[in-house]
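>>> 3D model of this:
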Amino acid sequence: MDPASLSLIAISASGVALRRYAELSNNEIPDFPGHRIDGRPRQSVIVRLKETKVTLRPLIDAGREAIAKRLARFASVRGFRLNAQVSLAALFSVEDAPDVEAELRRRRVDFVIADDAGLPVCGVTVVRGRGPSYRDSVCHQAFAAAGLPLVTMSLAASWAENRARLAAVVDSDPPAANIAAPVCIDDVQPLYA
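Down below sits the predicted model:
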């Protein structure tokens with residue numbers, strides 16, 4: 001198709017959309033037209049949210065509640081804040097790697113201990129067994145690439161063991177403030193060989 005025809009189609013579609021929008025009442029939310037190939041009706045997420053029951057769920061599951069309370073106490077005594085379920089994309093910035101950035105958006109770390117300015121001091125991941133699982137390797141490699149410590153705590157270990165592991169990291173020299181440190185997963189040695 002030539003550019004003029006494409007422009008006419010775009011103008012026509014815009015006109016239809018504007019007419020539909022003008023016909024809506026003030027409280028009505030515009031809906032998407034049917035699919036252009038099979039004609040199935042499509043609904044926007046806003047409309048679906050109005051029709052769906054949305055409930056709250058806790059950020060911390062019941063098995064990790066006790067360790068979360070102890071972590072919060074540990075952080076507050078040292079003047080830090082505890083953040084739960086933090087996206088890796090919120091912690092790390094990547095350049096020219098949309099696939100890595102997309103993977104970081106999908107991953108979360110259980111807790112992040114941060115100072116009053118919001119700079120992360122360390123991440124904390126809580127595992128059910130004694131060590132990290134394979135699914136945690138992206139998280140571990142991202143933390144290592146950015147130079148931010150990641151402490152793995154086990155629900156099977158005692159709080160004294162977990163606290164000693166955490167204190168060794170938090171009470172040592174703070175990590176360098178590398179806000180714009182690039183994360184390149186390829187430069188980090190694999191966690192599991």
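>>> Quick one: the helices in the protein, in order.
Per DSSP state H, the chain carries helices over the ranges 3-23, 45-51, 65-77, 88-91, 98-106, 137-146, 159-170.
>>> Just put those in CSV and tack on mean pLDDT.
Formatted as CSV, the helices of the chain follow (pLDDT from 0 to 100):
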stretch, mean pLDDT
helix 3-23, 66
helix 45-51, 79
helix 65-77, 92
helix 88-91, 92
helix 98-106, 89
helix 137-146, 90
helix 159-170, 92
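>>> want to throw the ones you listed into JSON lines with mean neighbour count and distance to R57?
Just so you know, the C-beta spots here come from the backbone N, C-alpha and C atoms, and that holds for glycine as well. Listed next are these as JSON lines, based on neighbours: other C-beta atoms under 10 Å; distance: least, C-beta to C-beta, whole Å:
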{"stretch": "helix 3-23", "mean neighbour count": "10", "distance to R57": "35"}
{"stretch": "helix 45-51", "mean neighbour count": "10", "distance to R57": "16"}
{"stretch": "helix 65-77", "mean neighbour count": "16", "distance to R57": "13"}
{"stretch": "helix 88-91", "mean neighbour count": "19", "distance to R57": "20"}
{"stretch": "helix 98-106", "mean neighbour count": "14", "distance to R57": "18"}
{"stretch": "helix 137-146", "mean neighbour count": "20", "distance to R57": "22"}
{"stretch": "helix 159-170", "mean neighbour count": "15", "distance to R57": "25"}
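>>> nearest to G118, of those?
The closest of those to G118 is helix 88-91. By C-beta to C-beta, the value is 10.6 Å.
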